[in-house]
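Student: Provided below for reference: sequence and predicted model.
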Amino acid sequence: MGAIRVLIAKPGLDGHDRGAKVIARALRDAGMEVIYTGLRQTPEMIAEAALQEDVDVVGLSILSGAHMALVPRIREVMNEHGLKDVFLIVGGIIPDEDKAKLSALGVQGIFGPGANTEDIATFIRELMEAQGT
């Protein structure tokens with residue numbers, strides 16, 4: 001098995017990317033290959049990057065409150081691109097009442113502000129091990 005490949009993306013109009021950069025650096029330090037797409041990515045851009053980069057995990061950083069609009073569309077476009085097996089995790093400010101809805105949409109992990117980066121790396125490794133890769 002090669003290194004776990006993770007795409008970190010900032011969908012929508014949210015212009016705050018410090019947290020996404022911290023996560024990207026921490027996952028890279030944990031031995032993962034990380035692709036950071038930059039700010040203001042559309043669902044189509046994220047799915048296309050995930051396809052081109054052959055990633056195992058897509059991590060979305062959403063602080064804008066638009067997660068219930070963005071995440072379903074991103075999952076839909078990923079599925080259309082044949083990326084049903086790519087794990088989807090979300091970081092940002094996610095109200096408790098939305099977490100079950102996001103899980104039902106296929107989000108495997110949700111991490112709030114201040115989440116421990118080692119915990120995120122461990123979570124991703126465990127997802128991959130559970131899948132048998």
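Tutor: Thanks, I have the structure now. Numbering: from 1, shown residues only.

Student: going forward, measure contacts between C-alpha atoms and count neighbours the same way
Tutor: Fine.

Student: for Pro113, what are its contacts?
Tutor: 91-93 (Cα atoms under 8 Å, 6 or more residues apart in numbering).

Student: repeat that with 7 Å
Tutor: Pro113 is in contact with 92-93, counting by Cα atoms under 7 Å, 6 or more residues apart in numbering.

Student: which residue is nearest the centroid of the protein?
Tutor: With distances taken as Cα atoms, centre = their mean, the residue of the chain nearest its centroid is Gly59 (1.2 Å).

Student: what's the helix or strand for Glu44?
Tutor: Using DSSP states H and E, the element containing Glu44 is helix 43-53.

Student: quick check: angle from whichever helix or strand comes after that helix to helix 43-53?
Tutor: Next along the chain after helix 43-53, taking DSSP H and E as the criterion, comes strand 57-62. Angle, strand 57-62 to helix 43-53, by axes from the mean of the first three to the mean of the last three Cα atoms, to 10 degrees: 150 degrees.
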